[in-house]
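In: could you look at this predicted model? Sequence included:
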Amino acid sequence: MRWSDIHAADSSVFTRKKITVVGAGNVGATAAFLAATQELANIVLIDVVEGIPQGKALDMRGSSPILRFDSSVTGTNDYADTANSDLVIITAGIARKPGMSRDDLLAINAGIVADVTRNIVKHSPDCIILVVTNPLDAMVYTALRVSGFPKHRVIGMAGVLDSARMRSFIADELEVSINNVTAFVLGGHGDTMVPLPRYSTVAGIPVTELISEQRMKEICERTADGGAEVVRYLKTGSAFYAPAASVVQMAEAIIRDNKRVLPCCAYLEGEYGMNGYYLGVPCKLGAGGLEAIIELDLTEDEQSGLLRSMEAVADLVKVIDELGLY
Ligand SMILES: NC(=O)C1=CN([C@@H]2O[C@H](COP(=O)(O)OP(=O)(O)OC[C@H]3O[C@@H](n4cnc5c(N)ncnc54)[C@H](O)[C@@H]3O)[C@@H](O)[C@H]2O)C=CC1
Ligand SMILES: O=C([O-])CC(=O)C(=O)O
(Lines give C-alpha, C1' and ligand atoms only; values in the text may rest on other atoms or scores of the structure.)
(Ligands and ions follow the chains in the order given, each with its own letter.)
Protein backbone atom coordinates (compact mmCIF):
# COMPACT_ATOMS: atom_id res chain seq x y z
CA MET A 1 0.00 0.00 0.00
CA ARG A 2 1.27 3.45 -0.87
CA TRP A 3 1.10 6.47 1.44
CA SER A 4 -1.65 8.07 -0.64
CA ASP A 5 -3.68 4.85 -0.51
CA ILE A 6 -3.43 4.74 3.27
CA HIS A 7 -4.79 8.27 3.49
CA ALA A 8 -7.60 7.42 1.10
CA ALA A 9 -8.63 4.47 3.28
CA ASP A 10 -11.15 4.85 6.10
CA SER A 11 -9.20 7.01 8.50
CA SER A 12 -11.47 6.30 11.46
CA VAL A 13 -9.38 3.28 12.44
CA PHE A 14 -6.44 5.65 12.99
CA THR A 15 -8.42 8.21 14.96
CA ARG A 16 -7.47 8.65 18.61
CA LYS A 17 -9.98 9.72 21.24
CA LYS A 18 -9.88 13.33 22.36
CA ILE A 19 -9.48 14.60 25.91
CA THR A 20 -9.77 18.28 26.80
CA VAL A 21 -8.22 19.52 30.02
CA VAL A 22 -9.64 22.86 31.17
CA GLY A 23 -7.17 24.83 33.30
CA ALA A 24 -3.49 24.70 32.37
CA GLY A 25 -2.27 25.24 35.92
CA ASN A 26 -0.59 22.75 38.23
CA VAL A 27 -3.21 19.99 38.18
CA GLY A 28 -4.38 20.53 34.59
CA ALA A 29 -0.94 20.64 32.97
CA THR A 30 0.28 17.64 34.97
CA ALA A 31 -2.85 15.65 34.06
CA ALA A 32 -2.48 16.58 30.39
CA PHE A 33 1.14 15.44 30.44
CA LEU A 34 0.36 12.12 32.16
CA ALA A 35 -2.54 11.40 29.80
CA ALA A 36 -0.37 12.19 26.77
CA THR A 37 2.52 10.02 27.94
CA GLN A 38 0.07 7.13 28.40
CA GLU A 39 -1.33 7.78 24.89
CA LEU A 40 -4.84 7.83 26.29
CA ALA A 41 -5.99 10.27 23.61
CA ASN A 42 -5.06 13.42 21.75
CA ILE A 43 -4.98 16.18 24.32
CA VAL A 44 -6.30 19.75 24.15
CA LEU A 45 -5.24 22.03 27.00
CA ILE A 46 -7.30 25.20 27.41
CA ASP A 47 -7.03 28.14 29.82
CA VAL A 48 -8.20 31.75 30.01
CA VAL A 49 -4.62 33.00 30.24
CA GLU A 50 -3.17 33.53 26.78
CA GLY A 51 0.07 31.72 25.97
CA ILE A 52 0.20 29.39 28.97
CA PRO A 53 -1.67 26.42 27.43
CA GLN A 54 0.10 26.94 24.10
CA GLY A 55 3.56 27.08 25.70
CA LYS A 56 2.97 24.09 27.99
CA ALA A 57 1.46 22.02 25.16
CA LEU A 58 4.40 22.76 22.89
CA ASP A 59 6.80 21.82 25.68
CA MET A 60 4.97 18.52 26.31
CA ARG A 61 4.91 17.66 22.63
CA GLY A 62 8.66 18.34 22.54
CA SER A 63 9.19 15.56 25.07
CA SER A 64 7.29 13.03 22.95
CA PRO A 65 10.24 11.63 20.95
CA ILE A 66 12.11 10.95 24.20
CA LEU A 67 9.16 9.59 26.15
CA ARG A 68 7.85 7.94 22.99
CA PHE A 69 4.23 8.97 22.84
CA ASP A 70 2.30 9.77 19.68
CA SER A 71 -0.61 11.65 21.23
CA SER A 72 -0.87 15.23 20.02
CA VAL A 73 -0.98 18.00 22.63
CA THR A 74 -2.56 21.31 21.63
CA GLY A 75 -2.78 24.47 23.72
CA THR A 76 -5.55 26.98 23.12
CA ASN A 77 -7.79 29.74 24.51
CA ASP A 78 -10.60 28.93 22.08
CA TYR A 79 -13.29 26.36 22.91
CA ALA A 80 -13.80 25.69 19.20
CA ASP A 81 -10.55 23.67 19.40
CA THR A 82 -12.09 21.43 22.06
CA ALA A 83 -14.99 20.38 19.81
CA ASN A 84 -16.16 16.77 19.97
CA SER A 85 -14.04 15.79 22.94
CA ASP A 86 -14.81 12.35 24.34
CA LEU A 87 -13.78 13.36 27.84
CA VAL A 88 -13.30 16.74 29.52
CA ILE A 89 -11.38 17.23 32.76
CA ILE A 90 -12.20 20.47 34.60
CA THR A 91 -9.37 21.81 36.77
CA ALA A 92 -10.07 25.51 36.18
CA GLY A 93 -10.34 27.65 39.28
CA ILE A 94 -8.34 28.90 42.20
CA ALA A 95 -6.48 26.69 44.67
CA ARG A 96 -6.32 27.29 48.40
CA LYS A 97 -3.41 28.70 50.38
CA PRO A 98 -2.40 28.04 54.01
CA GLY A 99 -5.16 28.92 56.46
CA MET A 100 -7.94 28.42 53.90
CA SER A 101 -10.39 25.54 53.66
CA ARG A 102 -11.55 24.12 50.33
CA ASP A 103 -14.98 25.60 51.09
CA ASP A 104 -13.48 29.11 51.01
CA LEU A 105 -13.11 28.64 47.22
CA LEU A 106 -16.83 28.08 46.71
CA ALA A 107 -18.13 31.42 45.42
CA ILE A 108 -15.35 32.15 42.93
CA ASN A 109 -14.93 28.58 41.65
CA ALA A 110 -18.68 28.00 41.22
CA GLY A 111 -18.80 30.87 38.70
CA ILE A 112 -15.73 29.52 36.88
CA VAL A 113 -17.04 25.93 36.74
CA ALA A 114 -20.45 27.11 35.51
CA ASP A 115 -18.85 29.19 32.74
CA VAL A 116 -16.48 26.39 31.71
CA THR A 117 -19.30 23.83 31.71
CA ARG A 118 -21.47 25.97 29.42
CA ASN A 119 -18.61 26.20 26.91
CA ILE A 120 -17.90 22.47 27.08
CA VAL A 121 -21.53 21.50 26.53
CA LYS A 122 -21.76 23.81 23.51
CA HIS A 123 -18.79 22.19 21.77
CA SER A 124 -18.82 18.61 23.11
CA PRO A 125 -22.46 17.73 23.81
CA ASP A 126 -21.74 13.99 24.12
CA CYS A 127 -18.65 14.11 26.35
CA ILE A 128 -18.10 12.72 29.82
CA ILE A 129 -17.04 15.36 32.36
CA LEU A 130 -14.59 14.71 35.21
CA VAL A 131 -14.46 17.56 37.72
CA VAL A 132 -11.42 18.28 39.90
CA THR A 133 -11.99 21.90 40.98
CA ASN A 134 -12.69 22.46 44.70
CA PRO A 135 -14.77 22.36 46.78
CA LEU A 136 -15.14 19.16 44.80
CA ASP A 137 -18.54 17.73 45.76
CA ALA A 138 -20.24 21.10 45.22
CA MET A 139 -18.40 21.80 41.95
CA VAL A 140 -19.46 18.48 40.40
CA TYR A 141 -23.03 19.31 41.41
CA THR A 142 -22.65 22.68 39.64
CA ALA A 143 -21.37 20.99 36.47
CA LEU A 144 -24.29 18.52 36.55
CA ARG A 145 -26.91 21.26 36.92
CA VAL A 146 -25.38 23.60 34.33
CA SER A 147 -24.69 20.87 31.76
CA GLY A 148 -28.06 19.14 32.01
CA PHE A 149 -26.10 15.93 31.30
CA PRO A 150 -27.23 12.63 32.82
CA LYS A 151 -25.54 11.80 36.10
CA HIS A 152 -23.40 8.99 34.66
CA ARG A 153 -21.58 11.57 32.48
CA VAL A 154 -20.64 14.02 35.27
CA ILE A 155 -18.27 12.55 37.85
CA GLY A 156 -15.92 14.03 40.45
CA MET A 157 -12.37 13.07 41.41
CA ALA A 158 -11.49 12.88 45.11
CA GLY A 159 -11.78 9.35 46.46
CA VAL A 160 -9.03 7.99 44.21
CA LEU A 161 -6.70 10.67 45.60
CA ASP A 162 -7.72 10.29 49.24
CA SER A 163 -7.47 6.49 49.00
CA ALA A 164 -4.07 6.71 47.29
CA ARG A 165 -2.78 8.90 50.10
CA MET A 166 -4.10 6.43 52.66
CA ARG A 167 -2.45 3.57 50.74
CA SER A 168 0.89 5.38 50.76
CA PHE A 169 0.67 5.97 54.54
CA ILE A 170 -0.19 2.29 55.17
CA ALA A 171 2.66 1.10 52.92
CA ASP A 172 5.10 3.41 54.76
CA GLU A 173 3.83 2.27 58.15
CA LEU A 174 4.29 -1.44 57.38
CA GLU A 175 7.27 -1.03 55.03
CA VAL A 176 5.55 -3.07 52.33
CA SER A 177 5.12 -2.51 48.62
CA ILE A 178 2.48 -0.02 47.61
CA ASN A 179 1.30 -2.70 45.17
CA ASN A 180 0.06 -4.85 48.06
CA VAL A 181 -2.02 -2.12 49.66
CA THR A 182 -5.64 -1.24 48.93
CA ALA A 183 -7.65 1.36 50.81
CA PHE A 184 -11.05 2.97 50.55
CA VAL A 185 -12.05 6.49 51.49
CA LEU A 186 -15.69 7.47 51.10
CA GLY A 187 -17.68 10.65 51.66
CA GLY A 188 -17.07 14.27 50.77
CA HIS A 189 -13.66 15.65 49.84
CA GLY A 190 -13.32 17.75 52.97
CA ASP A 191 -12.69 17.48 56.67
CA THR A 192 -15.59 15.03 56.95
CA MET A 193 -14.24 12.37 54.55
CA VAL A 194 -14.65 8.77 55.76
CA PRO A 195 -11.55 6.52 55.54
CA LEU A 196 -12.59 2.86 55.87
CA PRO A 197 -9.90 0.70 57.52
CA ARG A 198 -12.34 -2.23 57.43
CA TYR A 199 -12.16 -2.19 53.63
CA SER A 200 -8.40 -1.59 53.43
CA THR A 201 -6.04 -4.52 52.95
CA VAL A 202 -2.42 -5.61 52.56
CA ALA A 203 -2.26 -8.55 50.13
CA GLY A 204 -5.85 -9.32 51.05
CA ILE A 205 -5.24 -9.16 54.83
CA PRO A 206 -7.42 -6.52 56.53
CA VAL A 207 -5.18 -3.70 57.83
CA THR A 208 -7.11 -3.87 61.09
CA GLU A 209 -5.19 -7.12 61.77
CA LEU A 210 -1.80 -5.53 61.04
CA ILE A 211 -1.97 -2.01 62.47
CA SER A 212 -3.12 -1.09 65.97
CA GLU A 213 -6.41 0.77 66.36
CA GLN A 214 -4.61 3.86 67.67
CA ARG A 215 -2.08 3.95 64.77
CA MET A 216 -4.88 3.37 62.27
CA LYS A 217 -6.80 6.29 63.75
CA GLU A 218 -3.74 8.50 63.23
CA ILE A 219 -3.40 7.30 59.62
CA CYS A 220 -7.07 8.07 58.97
CA GLU A 221 -6.64 11.55 60.44
CA ARG A 222 -3.54 12.17 58.35
CA THR A 223 -5.45 11.01 55.26
CA ALA A 224 -8.29 13.45 55.95
CA ASP A 225 -5.69 16.21 56.44
CA GLY A 226 -3.63 15.05 53.41
CA GLY A 227 -4.43 18.01 51.14
CA ALA A 228 -3.90 20.57 53.90
CA GLU A 229 -0.55 19.00 54.85
CA VAL A 230 0.74 19.63 51.31
CA VAL A 231 -0.68 23.17 51.32
CA ARG A 232 1.19 23.94 54.56
CA TYR A 233 4.48 22.91 52.91
CA LEU A 234 3.91 24.53 49.52
CA LYS A 235 2.42 27.80 50.83
CA THR A 236 1.64 29.03 47.30
CA GLY A 237 -1.04 26.49 46.32
CA SER A 238 -2.10 22.90 46.73
CA ALA A 239 -1.15 19.37 45.71
CA PHE A 240 -1.03 18.45 42.05
CA TYR A 241 1.07 15.34 41.27
CA ALA A 242 -1.22 12.91 43.12
CA PRO A 243 -4.42 14.75 42.09
CA ALA A 244 -3.39 14.69 38.41
CA ALA A 245 -2.44 11.00 38.58
CA SER A 246 -5.79 10.27 40.22
CA VAL A 247 -7.95 11.96 37.61
CA VAL A 248 -5.91 10.36 34.81
CA GLN A 249 -6.57 6.94 36.35
CA MET A 250 -10.30 7.69 36.13
CA ALA A 251 -9.89 8.97 32.57
CA GLU A 252 -8.05 5.80 31.61
CA ALA A 253 -10.82 3.59 33.02
CA ILE A 254 -13.35 5.44 30.85
CA ILE A 255 -11.30 5.84 27.66
CA ARG A 256 -10.08 2.24 27.72
CA ASP A 257 -13.43 0.93 29.03
CA ASN A 258 -11.67 -1.18 31.60
CA LYS A 259 -14.50 -1.27 34.20
CA ARG A 260 -12.31 -0.32 37.14
CA VAL A 261 -13.88 -0.07 40.56
CA LEU A 262 -12.73 3.22 42.08
CA PRO A 263 -14.04 5.57 44.74
CA CYS A 264 -15.64 8.43 42.76
CA CYS A 265 -17.77 11.41 43.58
CA ALA A 266 -21.16 10.28 42.25
CA TYR A 267 -24.68 11.72 42.24
CA LEU A 268 -26.71 9.71 44.73
CA GLU A 269 -30.37 8.95 44.20
CA GLY A 270 -31.26 6.68 47.09
CA GLU A 271 -27.92 4.84 47.39
CA TYR A 272 -26.60 4.80 50.97
CA GLY A 273 -29.97 6.32 51.95
CA MET A 274 -29.03 9.69 50.40
CA ASN A 275 -30.68 11.65 47.66
CA GLY A 276 -29.79 14.60 45.43
CA TYR A 277 -26.15 15.12 46.43
CA TYR A 278 -22.71 14.17 45.16
CA LEU A 279 -20.63 12.09 47.55
CA GLY A 280 -17.64 9.73 47.31
CA VAL A 281 -18.73 6.08 46.93
CA PRO A 282 -17.30 2.99 45.19
CA CYS A 283 -18.16 3.05 41.48
CA LYS A 284 -17.51 1.11 38.29
CA LEU A 285 -16.03 3.26 35.50
CA GLY A 286 -16.13 2.31 31.83
CA ALA A 287 -16.96 3.68 28.40
CA GLY A 288 -20.40 4.75 29.62
CA GLY A 289 -18.84 6.87 32.38
CA LEU A 290 -20.12 5.95 35.81
CA GLU A 291 -21.63 2.56 35.05
CA ALA A 292 -22.57 1.43 38.56
CA ILE A 293 -22.51 2.50 42.19
CA ILE A 294 -21.56 -0.26 44.59
CA GLU A 295 -23.38 -0.24 47.91
CA LEU A 296 -21.46 -1.55 50.90
CA ASP A 297 -22.92 -2.63 54.23
CA LEU A 298 -21.61 0.01 56.58
CA THR A 299 -21.37 -0.12 60.34
CA GLU A 300 -23.41 2.42 62.30
CA ASP A 301 -20.29 4.55 62.84
CA GLU A 302 -19.35 4.49 59.16
CA GLN A 303 -22.91 5.33 58.06
CA SER A 304 -23.12 8.24 60.49
CA GLY A 305 -19.73 9.47 59.22
CA LEU A 306 -21.12 9.42 55.69
CA LEU A 307 -24.22 11.26 56.84
CA ARG A 308 -22.09 14.00 58.46
CA SER A 309 -20.21 14.27 55.18
CA MET A 310 -23.46 14.64 53.25
CA GLU A 311 -24.68 17.35 55.61
CA ALA A 312 -21.49 19.33 54.97
CA VAL A 313 -21.98 18.97 51.19
CA ALA A 314 -25.67 19.93 51.53
CA ASP A 315 -24.68 23.23 53.20
CA LEU A 316 -22.52 24.12 50.18
CA VAL A 317 -25.14 23.02 47.66
CA LYS A 318 -27.67 25.31 49.37
CA VAL A 319 -25.33 28.26 48.76
CA ILE A 320 -24.78 27.27 45.13
CA ASP A 321 -28.49 26.83 44.46
CA GLU A 322 -28.92 30.46 45.55
CA LEU A 323 -26.18 31.84 43.25
CA GLY A 324 -28.49 31.71 40.22
CA LEU A 325 -25.97 29.88 38.00
CA TYR A 326 -28.50 27.54 36.40
N1 LIG B 1 -10.55 17.25 43.70
C2 LIG B 1 -9.36 17.20 44.22
O3 LIG B 1 -9.01 16.22 44.87
C4 LIG B 1 -8.39 18.31 44.02
C5 LIG B 1 -8.83 19.53 43.59
N6 LIG B 1 -7.95 20.55 43.36
C7 LIG B 1 -8.51 21.81 42.87
O8 LIG B 1 -8.21 21.95 41.49
C9 LIG B 1 -8.21 23.33 41.15
C10 LIG B 1 -6.96 23.67 40.33
O11 LIG B 1 -5.82 23.56 41.13
P12 LIG B 1 -4.37 23.96 40.55
O13 LIG B 1 -4.21 23.40 39.19
O14 LIG B 1 -3.40 23.63 41.60
O15 LIG B 1 -4.53 25.53 40.43
P16 LIG B 1 -3.69 26.50 39.45
O17 LIG B 1 -3.92 27.89 39.98
O18 LIG B 1 -2.32 26.01 39.29
O19 LIG B 1 -4.43 26.35 38.05
C20 LIG B 1 -5.74 26.76 37.83
C21 LIG B 1 -5.84 27.21 36.39
O22 LIG B 1 -7.19 27.50 36.08
C23 LIG B 1 -7.18 28.57 35.17
N24 LIG B 1 -8.50 29.19 35.08
C25 LIG B 1 -9.09 30.05 35.94
N26 LIG B 1 -10.30 30.41 35.46
C27 LIG B 1 -10.48 29.76 34.29
C28 LIG B 1 -11.52 29.69 33.34
N29 LIG B 1 -12.66 30.39 33.51
N30 LIG B 1 -11.35 28.94 32.25
C31 LIG B 1 -10.22 28.24 32.06
N32 LIG B 1 -9.19 28.24 32.94
C33 LIG B 1 -9.33 28.99 34.04
C34 LIG B 1 -6.10 29.48 35.69
O35 LIG B 1 -5.68 30.43 34.72
C36 LIG B 1 -5.04 28.49 36.09
O37 LIG B 1 -4.12 28.26 35.02
C38 LIG B 1 -8.33 24.08 42.47
O39 LIG B 1 -9.67 24.47 42.67
C40 LIG B 1 -7.92 23.05 43.49
O41 LIG B 1 -8.46 23.30 44.76
C42 LIG B 1 -6.61 20.38 43.50
C43 LIG B 1 -6.12 19.18 43.94
C44 LIG B 1 -6.96 18.06 44.27
O1 LIG C 1 -6.05 20.48 49.55
C2 LIG C 1 -6.45 21.07 48.54
O3 LIG C 1 -6.92 22.22 48.55
C4 LIG C 1 -6.35 20.35 47.23
C5 LIG C 1 -6.99 19.04 47.41
O6 LIG C 1 -8.20 18.92 47.36
C7 LIG C 1 -6.15 17.94 47.86
O8 LIG C 1 -4.93 17.98 47.67
O9 LIG C 1 -6.72 17.01 48.44
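Out: It's in. Ligands and ions are numbered 1, 2, ... in the order given.

In: secondary structure class for residue 125?
Out: Following DSSP: H, G, I helix; E, B strand; the rest coil, the label given to residue 125 is coil.

In: dihedrals phi and psi, it?
Out: phi -70, psi -20 (degrees, to the nearest 10).

In: check contacts around it.
Out: Taking Cβ atoms under 8 Å, 6 or more residues apart in numbering as the definition of contact, residue 125 has no neighbours. Every residue, glycine included, has its C-beta placed from N, CA and C.

In: for ligand 2, what's the nearest residue on the stretch 201-326 of the chain?
Out: As assessed by Cβ to the nearest ligand atom, ligand 2 sits closest to residue 227 within the stretch 201-326 of the chain, at 2.4 Å.

In: over to that residue. Which of the three states is it?
Out: Residue 227 - assigned by three-state DSSP - is helix.

In: show me the contacts for it.
Out: So residue 227 contacts 102, 238-239 (Cβ under 8 Å, 6+ apart).

In: contacts with ligand 1 among these, please.
Out: The subset of these within reach of ligand 1, by Cβ under 6 Å from any ligand atom, is 238-239.

In: what residues does the stretch 151-300 of the chain put near ligand 1?
Out: Contact residues, the stretch 151-300 of the chain versus ligand 1 (Cβ under 6 Å from any ligand atom): 157-158, 161, 189, 237-240, 243.

In: show me how to select, in ChimeraX, the buried members of those residues.
Out: To isolate the buried ones among those in ChimeraX, judged by 16 or more other Cβ atoms under 10 Å, type:
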select :157,158,161,189,238,239,240,243
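
In: got a markdown table for the residues of the stretch 151-300 of the chain next to ligand 1, with pLDDT too?
Out: Listed next are these as a markdown table, based on pLDDT from 0 to 100:
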| residue | pLDDT |
| --- | --- |
| 157 | 98 |
| 158 | 98 |
| 161 | 98 |
| 189 | 95 |
| 237 | 97 |
| 238 | 98 |
| 239 | 98 |
| 240 | 98 |
| 243 | 98 |
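
In: and the residues of the stretch 151-300 of the chain next to ligand 1, which of them are in strands?
Out: Using DSSP state E, no member of those falls within strands.

In: out of the residues of the stretch 151-300 of the chain next to ligand 1, who's near ligand 2?
Out: 161, 189, 238-239, 243.
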